[in-house]
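Participant: Sequence plus the predicted model coming up.
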4 protein chains.
Amino acid sequence: MKNTFGTNVLTTIFGESHGPAVGGVLDGLAPGITIDYEFIKKKLSLRRPQGQISTARVEADEFEIVSGVYDGKTTGTPLTVLIPNKNVKSADYEATRDLARPGHADYTGFVKYNGFADPRGGGHFSGRVTAALVALGAVAQAALEAKGVGIGTHIARLAHVSDRGFSDLNADIAALSDRVFPVLDSEAAEKMQAAILKAKDENDSVGGVLETVVTGLPAGVGEPWFDTLEGLLSHGLFSIPGVKGVEFGDGFALAGMRGSEANDAFRPSQGGVVTETNRNGGINGGISNGMPLLFRCAVKPTPSIFQTQKTVKLSTGEAAEISLAGRHDPAIVHRARAVVDAVTALVLCDALATKFGTDWLGGTK
Amino acid sequence: MKNTFGTNVLTTIFGESHGPAVGGVLDGLAPGITIDYEFIKKKLSLRRPQGQISTARVEADEFEIVSGVYDGKTTGTPLTVLIPNKNVKSADYEATRDLARPGHADYTGFVKYNGFADPRGGGHFSGRVTAALVALGAVAQAALEAKGVGIGTHIARLAHVSDRGFSDLNADIAALSDRVFPVLDSEAAEKMQAAILKAKDENDSVGGVLETVVTGLPAGVGEPWFDTLEGLLSHGLFSIPGVKGVEFGDGFALAGMRGSEANDAFRPSQGGVVTETNRNGGINGGISNGMPLLFRCAVKPTPSIFQTQKTVKLSTGEAAEISLAGRHDPAIVHRARAVVDAVTALVLCDALATKFGTDWLGGTK
Amino acid sequence: MKNTFGTNVLTTIFGESHGPAVGGVLDGLAPGITIDYEFIKKKLSLRRPQGQISTARVEADEFEIVSGVYDGKTTGTPLTVLIPNKNVKSADYEATRDLARPGHADYTGFVKYNGFADPRGGGHFSGRVTAALVALGAVAQAALEAKGVGIGTHIARLAHVSDRGFSDLNADIAALSDRVFPVLDSEAAEKMQAAILKAKDENDSVGGVLETVVTGLPAGVGEPWFDTLEGLLSHGLFSIPGVKGVEFGDGFALAGMRGSEANDAFRPSQGGVVTETNRNGGINGGISNGMPLLFRCAVKPTPSIFQTQKTVKLSTGEAAEISLAGRHDPAIVHRARAVVDAVTALVLCDALATKFGTDWLGGTK
Amino acid sequence: MKNTFGTNVLTTIFGESHGPAVGGVLDGLAPGITIDYEFIKKKLSLRRPQGQISTARVEADEFEIVSGVYDGKTTGTPLTVLIPNKNVKSADYEATRDLARPGHADYTGFVKYNGFADPRGGGHFSGRVTAALVALGAVAQAALEAKGVGIGTHIARLAHVSDRGFSDLNADIAALSDRVFPVLDSEAAEKMQAAILKAKDENDSVGGVLETVVTGLPAGVGEPWFDTLEGLLSHGLFSIPGVKGVEFGDGFALAGMRGSEANDAFRPSQGGVVTETNRNGGINGGISNGMPLLFRCAVKPTPSIFQTQKTVKLSTGEAAEISLAGRHDPAIVHRARAVVDAVTALVLCDALATKFGTDWLGGTK
């Protein structure tokens, strides 16, 4: 379905980095959900570059809800968010316009769209488009929170610095919700930021791993084949620029375990069922088991670096060298966090609507 | 879409472990593709348990093509494969029928389907259903091969033994195509099999990592958002039982690299464009760049082990202990390889049809 | 989505007229629905040719449920029906194999599938495939009936004979449910059958109009745009061979009315809301209003007639004449009724699952 | 998929009558299609109310293309159109806000959206939303015309006045393309307009039948089941407010014919194949046969009339009377024409992309 994603709650996104606006449409969300404008603003601000560790292109992200909200609540009809692009400096891209930036989608976009793609600032491939995802995701996340479903993401690893793992989940989620640099251990946070600045000084960039936990998700959500929770989430998560790996529970580490170690034993708890461990990340056979959902995304280092790189001219295929101008992030891991939260919220709203119907997430009059 | 997957080439699968048959429908595949029955049989045999390292339940997998083939070629209308279940011993499951097997989908299936799921042998969650995927995938893979697109998967790691990496891709793909135990380095293969037998002796099981390469895929396939090649492939791959992680190119290792290391520089080559390295696994911005596609799947150890495990009764939620009877695999990594090949072929046929139209993969009269 | 249809309850059909079997997969239906084999048989028998007014090719339609049912109830996983083709006489088609039968899909199928379509008996285009639709639709219809949703279809008009309109809806639905020739007024039924036999005597065929009513459908089902109830139903209904028109409520007659006549005034009734008239067929703005759903399908005369017709050779495009052999129906209107019921049931189950969630139609343990 | 429609070329629409804007996203259209702003403006003007026969609410329809166009050509990424609502008089609706307007979606929208729908001017159900469809459809139609596919729609019947049928198709399409009141016979046009004014004088409204022809569509487009051309087109057409019937070729009249009359005999013509008659409207077995596509939509009379009508209060269900204020159309048949053209163009672009791939409609550099 290309730029539309979902079955019952559908997300459509559009826009180019240097076009008039980016935006998105969220369709199928229940009616009667209160719109928390401050929450949307906060999530957008968490995605927005801030301080020395980010690009100097700062957008106000003054979003407008163009449809789907009436009297401060969702109507149930398509909710459209529009975020104008204001701080656009296309001139920065003029010199390198015919050059394929390594690690970027310039070359593949050129081939796919037969040379007609908007080349300015990465066009439709730009991370800028994720602002729309974050705004829509914030609406979805607020709806989930009202139903007791919490989402939190931290930087588990950046360059070679690791954060501590999740422990008290609800406290950790609460602590992360306001942090611009989403790390649980403040000492690790400082080291990570130092690593970013060091890379920046060396005209280079760093990557990292984001780890997400979801609490309060009912058991029984997801499908046995194809639309497994892992399949739905990864499908969404891999469209976040820079994400090159997704793993659930202990993920790749499970490949080195024995079954006796990897199986999560069940036991009764407070009238329900829990598992002793959670190595499967809250999912068995593609379906939520009521334990916290746990997954990690590998984010590659930002491809925009200030070093001369070998490349080709798009128009002729000839060899060339490229030296980037413009404003770029030495790391996007912390900013990508808001997008991971958003995609997670959107996918879960969709899966919950499939199970419980359109109105489940909504309000009553 | 639940048990149907794809946009232009759609795969639907059905069946239960102990029901009359498993099967699947492949719709939208081009007309005029020659059906190579021997190739389908070979792929099914690679999925089938063989020797000491696998379960003793061996199915003949005598498939029948019920529709969509005429005069030995695809008609372009839905191609249906039916694989009867013959070697069924439901009695093995009677004793543990009300017990949730840890690491399996018994509990989540019970919750999701309100107690109505077929409990025999995992029902619709059974790995048995992948036989249908493999049969349909073989049709897709043969069509891709005729177009110069090759797919090969090896066990990159099992327990703690690693295979060598891909080197001469076409030779490696050819070598793997007939190997029941798909490992490039024969010494590594022996060590892996020893690790499986050791785990079996200890009533335990092992997991591993499968690595797949695709050659000959044209540049420009995939979408910038949502239906990225990574998103489409991972969506499919995560529905393979036991897969808990998927990474493309250098995947999670990219998170620890600098941008200068992770970017793949472009250069001209033979009238086209190649990259100096392939750390992004042949995909930039969700779209193929013409380099080999490269990805890895983490497969957890088989959850069926012959040790007493703690669990709950499905009907009451009470604590219980479970000791499995039946026939189980101490490892499924090698068998899962055929399913990875199949899912890869099905997803790529779909993405190619989206780009080039329905007939692209087909024949002419 | 080609041969798969639906959003939450998905129908996939497959098979060719002279292949081993036709069949279908129903995915997403709620677990715990009791399978009424006699009801499925009855619906299949209503589709089956009977007596002088139908083709002499009579199939036993001994269906097998291959998956998705356990202990007599739906499991919630894909339900697959297989109906073997037994009474196949491909020889009848040999002589005319290279000739495009006028009014049939031979020519369009030849073009679409580049000459690879199965030509025997219309291949995948054959009305035979509707047997699978009827079997799956019967499962859906039984589930709806258990929820108080009734579906009934009669021949409103055949050749130039009209039946009386619906009056006491539940009584009419009950009366029609067992009638092989579904007409409310027995005198009209006789005249219609006489018209069919007259056409048959003259080596010709007749068409007609089927009218369907649905009672008990809750208000609020359907979407305002695209997935309107009218859009969903017509999408399904037009895939019934021979259907060339679909109208809701007073349909085309509304085009000649004034607004004051066409509007259905609302009034309170027994704690709910009803309309004084039902010219809009129970649908306002694409969404059910709680009144009976009412629509009509125009069915063209069977294209297979025993007169010499002008046509072309498929292989060369040269002019030719065609005289059909084989076994054909002088009318399919009465048989198409069972297919209309089936498609209606399948579409409504899907729309209800979208609104109320997967489990709404199901049972509890 | 609710407010998104299509498989390869997807249309998403959004907006409310009295919200900030209506708009839509067109995704999957080929890159390199020249945007003809004048053509879009013309199509919007044909949808816009003009003169005595329409509502006094006239919107400038100053659309903005927010994404997907670069250097005057489509980029291949989502094309978004935004049309601000400027001439909004919500006060007109205040008095009747709690009353269900008969023939409108107020009641069903209230039930479906649990009372949260935007009630002003019909909210998301408003015909105003079709402006977005027309703008996107104009882009699609221009692309089709560049490929030799022409679309034309006339009012075949309004109240009880009939237009002449199509004769010289290309000349008729050209003549209709600029006509605000799309009727082929100028005398009939005058009578129709007189009938509209008469209804208006009598505080009433009229309906009509729109007839559409499509020339130049290649044979072989569409699917045998479900995604038949009839199914796809009707699915889209029934979401046009007021459309209550759709028929192809001779449609309901076919139900009264003999097979010998209804079959369209094939004959060779200029190296290709044509049919002697075109009673099947260019479609056999759901697939285009290369003849002109022909279909008709029944449009009911505008439900907004200036007569006192019986109804209920939405909030309580009590009986009430309603007398509309505001600005309304005594007929929308002529305005609906532009929407029929748009939906037709969007559906055909989608079906063509499925057959021939994404790039088929696009340009080359």
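Facilitator: Nice, I can see it.
Participant: Kindly provide the distance from the residue in the stretch 101-250 of chain A positioned nearest to chain C to residue A:237.
Facilitator: Nearest to chain C in the stretch 101-250 of chain A, going by CB to the nearest CB, is residue A:224, at a distance of 6.7 Å. (Glycine included, C-beta is placed from N, CA and C.) Look at residue A:224 and residue A:237: by CB to CB, to the nearest Å, they are 21 Å apart.
Participant: The two - which one has more neighbours?
Facilitator: The residue with more neighbours, out of residue A:224 and residue A:237, is residue A:224; 29 against 25, by other CB atoms under 10 Å in any protein chain shown.
Participant: I'd assumed residue C:77 was in contact with the more buried one.
Facilitator: Yes - contact criterion CB atoms under 8 Å: residue A:224 and residue C:77 qualify, at 6.7 Å.
Participant: Specify the local secondary structure of the residue of the stretch 101-250 of chain A closest to chain C.
Facilitator: coil (DSSP: H, G, I helix; E, B strand; the rest coil).
Participant: any low-confidence regions in the stretch 101-250 of chain A?
Facilitator: Counting by pLDDT under 70, the stretch 101-250 of chain A shows no low-confidence range.
Participant: What segments of it are helices?
Facilitator: Secondary structure of the stretch 101-250 of chain A (DSSP state H, counting those that start in this stretch): helices located at A:106-112, A:130-146, A:169-177, A:186-201, A:229-237.
Participant: just those: most buried one?
Facilitator: Of all the helices of the stretch 101-250 of chain A, helix A:229-237 has the most neighbours on average by mean count of other CB atoms under 10 Å in any protein chain shown, namely a mean of 28.
Participant: and that helix, does that touch chain C?
Facilitator: No - counting by CB under 8 Å from any CB of the partner chain, chain C has no neighbours in helix A:229-237; the shortest distance is 14.5 Å.
Participant: ok, residue A:192 - contacts?
Facilitator: Contact partners of residue A:192, counting by CB atoms under 8 Å, 6 or more residues apart in numbering or on different chains, are A:155, A:158-159, A:161, A:163, A:181, A:183, A:208.
Participant: residues in contact with whichever residue of the stretch 151-300 of chain A sits closest to chain B?
Facilitator: Across the stretch 151-300 of chain A, the shortest distance to chain B (CB to the nearest CB) belongs to residue A:285, at 2.4 Å. By CB under 8 Å, 6+ apart, the residues touching residue A:285 are A:224, A:228, B:104-105, B:108-109, B:125, B:241.
Participant: Looks like residue A:23 contacts residue D:68 (just checking).
Facilitator: No - Residue A:23 is beyond contact range of residue D:68, at 11.7 Å (criterion: CB under 8 Å).
Participant: which residues do the two both contact?
Facilitator: A:14, D:80.
Participant: Could you pull up the mean pLDDT of the biggest helix by length in chain A?
Facilitator: Secondary structure of chain A per DSSP state H: the longest helix is helix A:333-356. Averaging pLDDT along helix A:333-356 yields 97.
Participant: And for stretch A:63-83?
Facilitator: On average, stretch A:63-83 scores 97.
Participant: is that stretch up against chain D anywhere?
Facilitator: Yes - against chain D, stretch A:63-83 shows contacts by CB under 8 Å from any CB at A:64, A:66-68, A:70, A:73-80, A:82.
Participant: Among the residues you listed, which lie within strands?
Facilitator: Among those, the members falling in strands (DSSP state E) are A:64, A:66-67, A:70, A:73-74, A:79-80, A:82.
Participant: can you name the two of these that are farthest apart?
Facilitator: Pairwise distances among those were taken by CB to CB; the largest, 19.3 Å, belongs to A:73 and A:82.
Participant: check contacts around the closest residue to residue A:19 other than its chain neighbours.
Facilitator: Nearest residue to residue A:19, sequence neighbours excluded (CB to CB, 6 or more residues apart in numbering or on different chains): residue D:67, at 5.3 Å. Counting by CB under 8 Å, 6+ apart, residue D:67 makes contact with A:14-16, A:19-23, A:124, D:25, D:77-80.
Participant: for residue A:21, same thing?
Facilitator: A:15, A:82-85, D:66-67.
Participant: Can you give me the pLDDT of it?
Facilitator: Listed pLDDT for residue A:21 reads 96.
Participant: wait, does stretch A:243-257 make contact with chain B?
Facilitator: Yes - for stretch A:243-257, a contact with chain B is found by CB under 8 Å from any CB, at A:243-252, A:254-257.
Participant: Pick the one among the residues you listed closest to chain D.
Facilitator: For the residues of stretch A:243-257 next to chain B, the nearest to chain D is residue A:243 (19.7 Å; CB to the nearest CB).
Participant: wait, that closest one sits on residue A:297?
Facilitator: Yes - Residue A:243 is within contact range of residue A:297, at 4.9 Å (criterion: CB under 8 Å).
Participant: joint contacts of the two?
Facilitator: A:237, A:336.
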